[in-house]
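Asker: predicted structure and sequence below. I'll ask about it afterward.
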Amino acid sequence: MYTFFFKKNKKGAIEAPTEETIMLIFGAVTILVLLASFMYPIFAALLSEPDDGSIANLKRLYSKIIEVIEHPNFIAAEETFNYFIEKDKILVALDTNGNENKLEQNVIILDPFRPSECENDACICLYKLDKLGELEPKDWDKAVITCEHDGLSDKNIVFDDSSIDLGKVQEISIFRIYDETTKTYHISINRI
């Protein structure tokens, strides 16, 4: 019986693989790993839905909100970073258990916008702006591009005084104050 890794010598004893065989296998595995790591981003870009960066920035904004909420400074925390949202989209920030119908500059904070997937959780969503104008308020779920809310579900959150500009890269600040008496996180998202 002949195998690639182990060979029988003339006496019939099994010999360990040669150094060349081990190097060949190591080289093949290394090439496959490198090829896969280079090909993954290409296939991901080709197979993903087209986006102008607004979805990726929403996910980044969400992660920054989570960072500010979980910041070790119990009373207040702030995070600053560059943000972009295209002119044909709008960012919607929804408080826990509904809102007091607020409209800030380019960040709508209005309870009828609450998508069904958010239920009563605090939630940030990206909407297609032109679809909102075409739909009745009861059908606004159809204008949702994506929402982020999983890490916000067990917290009482109120979004205050938020304003960002559409269609340009801008530096924004996320500021959080924790109210110990009401156990509420007050979060502001503002351009700098």
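Answerer: Thanks, I have it.
Asker: which strand is the longest one in the protein?
Answerer: Of all the elements of type strand in the chain, the one with the most residues (DSSP state E) is strand 170-179.
Asker: mind giving me the packing neighbours of it?
Answerer: The criterion is 3 or more Cβ pairs under 8 Å, 6 or more residues apart in numbering; DSSP states H and E, and the helices and strands that strand 170-179 contacts are helix 54-69, strand 76-83, strand 184-191. (Glycine included, C-beta is placed from N, CA and C.)
Asker: who does the helix or strand following the second one pair up with?
Answerer: Towards the C-terminus, the helix or strand next in line after strand 76-83, according to DSSP states H and E, is strand 89-94. For strand 89-94, the paired strands and their directions (DSSP bridges) read strand 107-109 (parallel), strand 123-128 (antiparallel).
Asker: just the CA trace of the last one, in CSV.
Answerer: What follows is strand 123-128, C-alpha atoms only, in CSV (Å, rounded to 0.1, in the frame of the first residue of the first chain):
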residue,chain,number,x,y,z
CYS,A,123,-34.0,52.1,17.6
ILE,A,124,-32.1,53.9,14.9
CYS,A,125,-33.3,53.4,11.3
LEU,A,126,-32.4,54.5,7.9
TYR,A,127,-35.3,55.4,5.6
LYS,A,128,-35.6,56.1,1.9
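Asker: and the contacts of it?
Answerer: Where contact means Cβ atoms under 8 Å, 6 or more residues apart in numbering, the residues beyond strand 123-128 that reach it are 54-55, 58, 61-62, 65, 85, 88-94, 113-115, 117-118, 140, 143-149, 152.
Asker: ok, and for that strand, which residues are buried?
Answerer: Judged by neighbour count (16 or more other Cβ atoms under 10 Å), strand 123-128 contains these buried residues: 123-128.
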